[in-house]
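S.K.: sequence and predicted structure below; questions after.
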Amino acid sequence: MLLEDKQELTIEQDLEGWVIDKCTSWRDHFESNYSEKFDEYYRLWRGQWAVQDKTRQTERSKIISPALQQAVESSVAELEEATFGRGKWFDIEDDVADQEKRDIAMLREVLYKDFKKNKIRKSVAECLINAAVFGTGIAEVVLEEEKEFQPATQPVMGGDLQAVGVNIVDKTCVKLRPVMPQNFLIDPLATSIEEALGCAVDEFVPTHLVDQLQEQGVYRNVYVGSAAPDFDIEPDKDLSVFEDDKVRLTKYYGLVPRHLLKAAQEEEEAEEVEELVAPDEDEDTYYVEAIVVIANDGTLLKAEANPYMMGDRPIVAFPWDVVPSRFWGRGVCEKGYNSQKALDAEIRARIDALALTIHPMMAIDATRMPRGSRAEVRAGKTILTNGNPAEVLQPLNFGNVSQVTFAQAAELQKMVQTATGAIDSAGISGSINGESTAAGISMSLGAIIKRHKRTLINFQESFLIPFITKAAHRYMQFNPERYPVADYKFHTSSSLGIIAREYEVTQLVQLLQTMQQDNPMYSQLIMSIVDNMNLSNREELIMSLQQANQPNPQAQQAQQAMQQAQMAFQQSQTAALQGQATESQARAQKLAAEAQAVPQELEIDRIKAITTNIKEGDADDKEFQKRLKISEQLLKEREVAVKEQGKPNADTAQVQRSNRASQPSLQPNIQETSGIGSRGPRPQGIPQGEA
């Protein structure tokens, strides 16, 4: 269908009529599919009995077992502790290339301060309760202008006096308003806030709030009137309806036809029209994102294009447990509904049976009772009979109530805990594991922790992180002096809940028992145990442990001095060993040199032995030749002995001793040479007596 055709179909309809038609059809879908179930879940959680909660027509007892209440509160407390138990429940990621980290720390601290002042934690806890009971937690991100009063003093009269008063500062606040399911309307075909055509918050508000916003110029200054009563959107249907000073306010966030929005804005002044509709918008699109506020199903109070810089809708919602292809989730009450109904039927039947077995009853012969007497049984009462009382009166007893109902009720309570995954310390021994062994409890707790962790991740990614991001963007847009504009990435600091934390502490203690105290991991394990405990002075204990693990400067200096002394001692030992090695090497070189010098000395001795005491003549020549041959033979033997044994000094001395022993006739007497006034040693190999 063309754009002109669509506009012709809605040309006779105004904006408030278009929005109310959508909201009416969405409410009809909600009333026919979810309203009755959600009302019963609410009564079971509150412990409120209604006629439609009877399990049989003859049922008289109205008691409701607290098993489902315990499951809801335990599950919500587990998520609250996991989210807010550590104090710091979100953090900001900065760009890796950004070396300046102070802006991140400043923004985080400012957000923490503003969230604490606006009681964001309380609002988130209420959303968790709604999600556990109805299956879906919904909240509206509200932007308000408040006046902050600060006590201050001011000098007057030239500084002689001090005036005491207050400073009034206009401040932009971002708050989180939980929304009940009956007050929230959404496109039935949508599975999330972003993909829906739109969503609306339909609820009763005090009249004075609307009047104040009209005075501030937020809403149009038109007559509103009073609202007609509607029991379906009341927060508590068990209370009597208060009909005075209230306005039914329908706040629609989503897509609306562009031409209807322009037609509604034409009633405003020209300056406001230029501000509301930007001139560079794409005129070819049929829908435009807008915010429309309607009072009492017909009075338009506000109509403007989405004013937020990111163009997002100020609604956050998350399902406790996801149901495929559906916006409304599955909560704790829906999980434990059947087990809770069976448990209530068992307990009520027992109470009704006790009324028949405990209270006294009488079987009376009515023909023998005096006329007008009242047959009542009570202490001290006198009963008149016509005849023998033993024949007229007879006690009537229906027997005793079976004790099996106690065991059946206990098993049904276990079924509630099994269905919801909620458990507390009082039910661990009997509900998690029948034998209550350590291994059985550990395995069962592991399964329970996994279910809580699954819900926790769903809550963080669908509700908590989107809210923090929307709140930061609101502050950046409307208070840029306090919140610098940048593209920050938020992530939660949520961790383990109470059950998971106690389970982890038990494992750490068991691991700690296997280590010695001098082990480096011992202090780290103790720090992890303290960090997992919910102690008021946990941060101080962790800081004390960190300081205790830091080394003492004096001890560190003494240890460094000992290490230096040990290194010096090792260096001196190394130097001594190197000196010994050098000395041994020099001694070896000396011995090698002496071994090389032995043949030369032998040659000199041979020449001396040959040439000593030789005279002219044939006999001397023959003697010379004889000595020469003997010396050559001895020299060869000594050279061979030196090469084979490799010990020149000792081997040479041994060879000399052996030669002297084998050639006694070759030991000559040393004679004086002519022209020399001294006698030298006799050369070897020359026989004595020859001159």
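M.R.: The structure has been received and is ready for your questions.

S.K.: hey, let's count contacts and neighbours off CA atoms from now on
M.R.: Noted.

S.K.: for the stretch 251-400 of the chain, which spans come out with low pLDDT?
M.R.: In the predicted model of the stretch 251-400 of the chain, residues 267-284 satisfy pLDDT under 70.

S.K.: what segments of it are strands?
M.R.: Applying DSSP state E, counting those that start in this stretch to the stretch 251-400 of the chain gives strands spanning 287-295, 299-305, 315-319, 361-364, 393-396.

S.K.: which of the ones you listed sits most buried?
M.R.: Of all these, strand 315-319 has the most neighbours on average by mean count of other CA atoms under 10 Å, namely a mean of 25.

S.K.: so where's the longest helix in the protein?
M.R.: helix 553-611 (DSSP state H).

S.K.: for that helix, what is the distance to the chain centroid?
M.R.: When distances are taken as CA atoms, centre = their mean, to the nearest Å, helix 553-611 is centred 67 Å away from the chain's centroid.

S.K.: for stretch 174-189, same thing?
M.R.: 28 Å.

S.K.: and what of stretch 150-166?
M.R.: In this view, stretch 150-166 has its centroid 49 Å away from the chain centroid, taken as CA atoms, centre = their mean.

S.K.: got it, and stretch 158-174?
M.R.: With CA atoms, centre = their mean, you get 42 Å for stretch 158-174.

S.K.: in the stretch 401-550 of the chain, which ranges drop under the pLDDT threshold?
M.R.: For the stretch 401-550 of the chain, the ranges with pLDDT under 70 are 423-449, 493-505, 507, 510, 518, 520, 529-543, 545-550.

S.K.: which residue ranges of it form strands?
M.R.: Remark: strands assigned in the stretch 401-550 of the chain by DSSP E, counting those that start in this stretch are 489-492.

S.K.: now for V141, how many residues are close by?
M.R.: For V141, the count of nearby residues is 19 (other CA atoms under 10 Å).

S.K.: now the strands of the stretch 251-400 of the chain in CSV, with distance to M157?
M.R.: Output for the strands of the stretch 251-400 of the chain, formatted as CSV (distance: least, CA to CA, whole Å):
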stretch, distance to M157
strand 287-295, 51
strand 299-305, 49
strand 315-319, 53
strand 361-364, 92
strand 393-396, 97
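
S.K.: quick one: end-to-end distance for stretch 223-243.
M.R.: 18 Å (CA to CA, to the nearest Å).

S.K.: what's it in contact with?
M.R.: Stretch 223-243 has contacts (CA atoms under 8 Å, 6 or more residues apart in numbering) with 180, 182-183, 202-204, 244-248, 295-296, 299.

S.K.: swap in stretch 463-478?
M.R.: The contact list for stretch 463-478 (CA under 8 Å, 6+ apart) reads 111, 141, 143, 172-174, 308-310, 312, 314, 316-318, 482-485, 489-492.

S.K.: closest to Q212 out of the strands of the stretch 251-400 of the chain?
M.R.: Nearest of these to Q212, taken as CA to CA: strand 299-305 at 12.7 Å.

S.K.: now the buried members of the contacts of stretch 223-243.
M.R.: Buried members of the contacts of stretch 223-243, scored by 16 or more other CA atoms under 10 Å, are 180, 182-183, 202-204, 246-248, 295-296, 299.

S.K.: between these, which sits nearest T367?
M.R.: Checking the buried ones among the contacts of stretch 223-243 against T367 by CA to CA gives Q182 as the nearest, at 60.8 Å.

S.K.: ok, now how distant is the closest residue to the closest one other than its chain neighbours from T136?
M.R.: Distance criterion CA to CA, 6 or more residues apart in numbering; nearest residue to Q182, sequence neighbours excluded, is I233 at 5.5 Å. Between I233 and T136 the computed distance is 17 Å (CA to CA).

S.K.: where does the stretch 551-691 of the chain have low pLDDT?
M.R.: Scanning the stretch 551-691 of the chain for pLDDT under 70 picks out 551-552, 597-624, 627, 642-691.

S.K.: list phi and psi for N388.
M.R.: phi -70, psi 120 (degrees, to the nearest 10).

S.K.: skip the chain neighbours and tell me the closest residue to Q460.
M.R.: T492 (7.0 Å).

S.K.: got a list of what the one you found touches?
M.R.: T492 is in contact with 89-91, 460, 464-465, counting by CA under 8 Å, 6+ apart.

S.K.: N519 versus that one, what's the distance?
M.R.: Distance, T492 to N519, by CA to CA: 34 Å.

S.K.: rewinding a little: just the ones of the contacts of stretch 223-243 in strands?
M.R.: Judged by DSSP state E, those include 202-204, 246-248, 295, 299 as members of strands.

S.K.: the longest strand along the chain: how far from the chain's middle?
M.R.: For the chain, the strand reaching the highest residue count under DSSP E is reported as strand 136-156. How far strand 136-156 lies from its chain's middle: 31 Å, per CA atoms, centre = their mean.

S.K.: could you list the low-pLDDT ranges of the stretch 101-250 of the chain?
M.R.: Ranges of the stretch 101-250 of the chain meeting pLDDT under 70: 101-103.

S.K.: what are the boundaries of the helices in it?
M.R.: With DSSP state H, counting those that start in this stretch as the criterion, the stretch 101-250 of the chain has helices at 102-117, 120-134, 207-216.

S.K.: all set now, cheers.
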